[in-house]
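In: Predicted model and sequence follow; I will ask about them next.
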Amino acid sequence: MNAQRPETDVYVRLAQADDDEFILSLADRFADFELPPWRKRSETLAGIHRDIEHHLRTLPPASHLFVAEDEDATPLGFLHLQTRKDFFTGALNCHVSDLVVAAAHEGRGVAGAMLRYADEWAKEHRCRFLTLGVFPNNERARKLYEQHGFGVEILSMVKPVK
């Protein structure tokens, strides 16, 4: 049986230019599970990498990038929040665009700490909802999100066009 490592004190701060390499090194973790059959891993990872790189390079005003680190300033994970208008109400929402923990730091409470940070950030910025998207087969992430109060609102369905 695998023993869980103890939780780590996690500090979340704004990402800086010298964090880019660390952040981009985590991109492959976004497809560490079985993707839907119509999604090619290489295309999915290329798209994720391209999107993160774009946000790091251009710093759009509604995009907020954070790094989680421990008390020794060791980077543990990456959090990307975006503010968006709610389609139905027009209210401001906070969307968790990216959340990833470095493999060496899994199981230590880092993702949960980043979700709590996102929740507080959303409150401070007067957002109505905290939203995110997750692939159905990413069971570990889905379980974490449900433990933090997330539920399915709109189910996105896909059909390949042949």
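Out: Right, received. Where do you want to start?
In: give me the number of residues near Gln47?
Out: Careful, residue 47 is Gly and not Gln. Applying other Cβ atoms under 10 Å, we find 13 residues neighbouring Gly47. In this view, the C-beta of every residue, glycine as well, is placed from N, C-alpha and C.
In: buried sites along the helix or strand where it lies?
Out: Using DSSP states H and E, Gly47 sits in helix 41-58. Residues 45, 48, 52, 55-56 are the ones in helix 41-58 that count as buried (16 or more other Cβ atoms under 10 Å).
In: Kindly report the same for stretch 8-16.
Out: 8, 10, 12, 15.
In: Not counting its neighbours along the chain, what's nearest the second one?
Out: Taking Cβ to Cβ, 6 or more residues apart in numbering, and ignoring the residues beside it in sequence, Val10 has Ala113 as its nearest neighbour in space, at 3.6 Å.
In: and that neighbour, what pLDDT?
Out: For Ala113, the model assigns a pLDDT of 97.
In: ok, now Asn2?
Out: Asn2 is given a pLDDT of 41.
In: ditto for His64
Out: 97.
In: my guess is it contacts Arg84, does it?
Out: No - using Cβ atoms under 8 Å, His64 is not in contact with Arg84; the gap is 11.9 Å.
In: Compare these two (neighbour count), which wins?
Out: Comparing His64 with Arg84 by neighbour count (other Cβ under 10 Å), the higher total belongs to His64, at 20 against 15.
In: Leaving out sequence neighbours, find the closest residue to that one.
Out: The shortest distance from His64 to any non-neighbouring residue, by Cβ to Cβ, 6+ apart, is to Leu81 (4.5 Å).
In: partners of the one you found in the sheet?
Out: Taking DSSP bridges as the rule, Leu81 bridges to His64, Val96.
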